[in-house]
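# would you be able to build a 3D model of this:
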Amino acid sequence: MKKRLCRMIFKKELEEEFQILNNHFLRKQQQIQCEMEKNKKKYGIVERIFYLFPNAEIIGMEKNKKDDELFIVMNNDTIYLLGERYQGITNLPRILFHVYKTDDEFFQKKYIHIDDVLMEDNDVGNGTIAMKALIKYAKRNNIKWIEGSLSSVDNDHADRRNHYYEKFGFKIQSSSIRLDITA
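Predicted coordinates:
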């Protein structure tokens, strides 16, 4: 009897409270669905990584200046960056390199030769993310130095190219670069 009486007297207030609760529930439901979609996209990127590179290793995750979340992937002698904007095999930001050993029979030393640095977008931090990953890889694997040759193709933006290498401590001499790795 009391419940029925309360419902009649406070009908409008109950309907308002119900509407508020229902709206709150719907907002929460939308937020959860949005988070599920984000997670589904991330999982899709991980699936894509192992579809493209079955033997790959995900070595990190970072955000670039555009707030793109990127997976840092090592596959053979290449570091790739994959994210929502970078999924196609031809447009992946990457650093291609080879690991070599010196011919010294007593103290064999390993070093990295950078074959190419290919970035899709400039000034968004992708190159920095990839180079930091390469340097970290070198330190973990007892690499003594990283070297490479500067391509004449990049001469039209030599200032930007040189700044890129110098900010990591590379020494530039004529058309070659070198970074000595310290533990």
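# got a list of contacts for the helix or strand harbouring Met131?
Remark: Met131 resides in helix 126-140, with elements defined by DSSP states H and E. Applying Cβ atoms under 8 Å, 6 or more residues apart in numbering, the set of residues contacting helix 126-140 from outside is 59-60, 62, 64, 70, 72, 74, 79, 81, 93-95, 97, 112, 114, 117, 119-120, 143, 146, 164, 167-168, 179, 181, 183. Just so you know, the C-beta spots here come from the backbone N, C-alpha and C atoms, and that holds for glycine as well.
# got a PyMOL select line for the buried ones in the residues you listed?
In PyMOL, this line selects whichever of the contacts of helix 126-140 come out buried by 16 or more other Cβ atoms under 10 Å:
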select buried, resi 62+64+70+72+74+79+81+93+94+95+97+112+114+117+119+143+146+164+179+181
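# so which strand or helix has the residue most central in space within the chain?
Centrality entry for the chain: nearest residue to the mean C-alpha point is Leu70, 2.6 Å, by Cα atoms, centre = their mean. Secondary structure from DSSP H and E places Leu70 in strand 69-75.
# helices or strands up against that strand?
The helices and strands touching strand 69-75, judged by 3 or more Cβ pairs under 8 Å, 6 or more residues apart in numbering; DSSP states H and E, are helix 11-52, strand 57-63, strand 78-82, helix 126-140.
# could you point out which element follows the last one?
This points to helix 126-140. Heading C-terminal from helix 126-140, the first helix or strand you meet, by DSSP H and E, is strand 143-149.
# and the angle for that following strand with helix 126-140?
140 degrees (axes from the mean of the first three to the mean of the last three Cα atoms, to 10 degrees).
# what's the neighbour count on Phe107?
By other Cβ atoms under 10 Å, the residues close to Phe107 number 7.
# hmm, back to that, which residues touch the residue nearest to the centre of the chain?
Contacts of Leu70 by Cβ under 8 Å, 6+ apart are 61-64, 81-83, 86, 93, 126, 129.
# redo that, cut-off 10 Å
45, 60-64, 80-86, 93, 125-126, 129-130 (Cβ atoms under 10 Å, 6 or more residues apart in numbering).
# thinking again about what came up before, pull the distance from the helix holding Met131 to the chain's centre.
On the basis of Cα atoms, centre = their mean, to the nearest Å, helix 126-140 is displaced by 11 Å from the centre of the chain it belongs to.
# that one to strand 78-82, inter-axis angle?
For helix 126-140 against strand 78-82, the angle by the same axes, to 10 degrees is 140 degrees.
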